[in-house]
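Peer 1: below is the sequence, then the predicted model.
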Amino acid sequence: MIVFRDPAQVPADFGRTVVAIGKFDGVHVGHRAVIERMAQDARSVGARTVAVTFDRNPLEVLRPELCPENVVSTERKLALLGELDLDATLVLTFDEALAGLPAEDFVRDILVESLHAAVVLVGRDFRFGRGGAGDPALLRRLGAQYDFTVDVIDDVASAGDGRRVSSTWVRELLAAGDVAQAATVLGRPVTVTGEVVHGLKRGRELGFPTANLSETLDALAPADGVYAGWLVDHVTGIRHPAAISVGTNPTFDDVHRRQVEAHVLDTSGLDLYGHRVTVEFTHHLRGMVAFAGMEQLIAQIGADVAAARERLAAR
């Protein structure tokens with residue numbers, strides 16, 4: 001997949017395209033349904049597929065006080081989109097200039113002159129252009145003028161309760177620690193990727209050494225608590241079963257940021273410092289609590305490790 005970070009980077013001879021526009025935060029099953037529809041439309045008209053997205057949530061510029069955390073980073077979003085056999089993704093820098101661009105100019109400059117759109121796919125609640133003046137109805141009128149059609153995609157609903165699949169729902173599930181349901185909505189496991197860094201080495205002192213991930217991660221971590229899951233070492237490619245902790249270690253009250261740390265099960269002498277790893281969350285085991293003393297904490301960690309081993313063995 002080609003990544004364009006400015007409309008001017010799209011070659012003049014790139015050809016006609018089928019374009020899907022959206023934030024694509026998390027690239028969940030609803031987004032994937034849009035991409036599948038785009039591929040069908042592209043085959044029918046003999047065009048290339050292009051996702052148009054943004055380098056940040058537009059609310060970060062328009063209403064920063066209402067802007068939620070991203071489900072995934074921009075680079076992770078691009079990696080996920082790249083797995084879907086798109087021809088290209090155009091990442092627009094959402095700044096004051098783009099926010100102030102009239103809707104008609106957005107269509108003419110980006111969809112027509114840069115991407116030569118044949119079909120444009122949007123959701124029913126899609127808004128674009130200065131003040132959100134553009135909507136699917138305006139897009140259709142402009143499509144008639146500029147020779148493209150508009151495909152308005154219905155929401156994708158959960159098979160379980162019929163709820164609309166959305167990035168907001170993913171955030172809610174992660175905030176509740178429900179990594180199993182979040183995985184269903186995402187269409188893939190809940191994971192975070194980062195570099196293993198040196199921590200306080202308290203896990204080693206307690207008899208349960210952990211790999212501490214860097215503060216910079218590529219995705220939103222689930223709620224504070226203890227989970228069963230896997231640690232995938234990008235250096236060796238080995239997938240290790242793990243008990244995972246997310247939080248600030250309230251028993252000690254000396255960790256000042258949320259951290260993700262994973263204890264690899266039934267393995268000793270593993271040196272992961274400096275390795276890039278992915279931590280995959282499969283089961284929520286318990287919430288994060290403060291214990292009265294070391295003995296109680298060690299006993300609980302032992303129980304967590306046993307529970308993680310049991311859950312992973314049952315998969």
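Peer 2: Great, that's in hand.
Peer 1: give me the sheet partners of the longest strand along the chain and which way each runs.
Peer 2: Assignment by DSSP state E gives strand 276-287 as the longest strand of the chain. Note on strand 276-287: by DSSP bridges, its sheet partners are strand 190-197 (antiparallel), strand 225-233 (antiparallel).
Peer 1: and that strand, average pLDDT?
Peer 2: Strand 276-287 comes out with an average pLDDT of 96.
Peer 1: buried stuff in the helix or strand just after that strand?
Peer 2: Per DSSP states H and E, the first helix or strand lying C-terminal to strand 276-287 is helix 294-313. For helix 294-313, the neighbour count (16 or more other CB atoms under 10 Å) marks L297, I301, D304, V305, A307, A308, R309, R311, L312 as buried. Bear in mind the C-beta positions are built from the backbone N, C-alpha and C, glycine included.
Peer 1: a markdown table for these, including distance to D13?
Peer 2: Formatted as a markdown table, those follow (distance: CB to CB, whole Å):
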| residue | distance to D13 |
| --- | --- |
| L297 | 64 |
| I301 | 61 |
| D304 | 58 |
| V305 | 58 |
| A307 | 58 |
| A308 | 54 |
| R309 | 57 |
| R311 | 54 |
| L312 | 51 |
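Peer 1: just to revisit the earlier point, now the angle from the longest strand of the chain to helix 294-313?
Peer 2: Put simply, strand 276-287 runs at 110 degrees to helix 294-313, going by axes from the mean of the first three to the mean of the last three CA atoms, to 10 degrees.
Peer 1: buried sites along strand 276-287?
Peer 2: By 16+ other CB under 10 Å, the buried positions in strand 276-287 come out as R276, V277, T278, V279, E280, F281, T282, H283, H284, L285.
Peer 1: mind listing residues that contact that strand?
Peer 2: 177-180, 183, 189-196, 211, 213, 222-235, 242-244, 260, 262, 304, 307-308, 311-312, 315 (CB atoms under 8 Å, 6 or more residues apart in numbering).
Peer 1: what does stretch 28-36 give?
Peer 2: 20, 22, 24, 49, 51, 71, 81, 84, 86, 121, 123, 153, 155-156, 164-167, 170, 184-187.
Peer 1: what segments of the chain are strands?
Peer 2: 2-4, 17-21, 48-54, 88-92, 117-123, 149-153, 190-197, 211-213, 225-233, 239-247, 259-264, 276-287.
Peer 1: save these as CSV, and put in distance to R140 too.
Peer 2: Shown next, in CSV, are these (distance: least, CB to CB, whole Å):
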stretch, distance to R140
strand 2-4, 25
strand 17-21, 14
strand 48-54, 17
strand 88-92, 21
strand 117-123, 9
strand 149-153, 5
strand 190-197, 38
strand 211-213, 46
strand 225-233, 45
strand 239-247, 45
strand 259-264, 45
strand 276-287, 42
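Peer 1: starting at the chain centroid, how far to stretch 163-177?
Peer 2: Here stretch 163-177 is found 12 Å from its chain centre; the criterion is CA atoms, centre = their mean, to the nearest Å.
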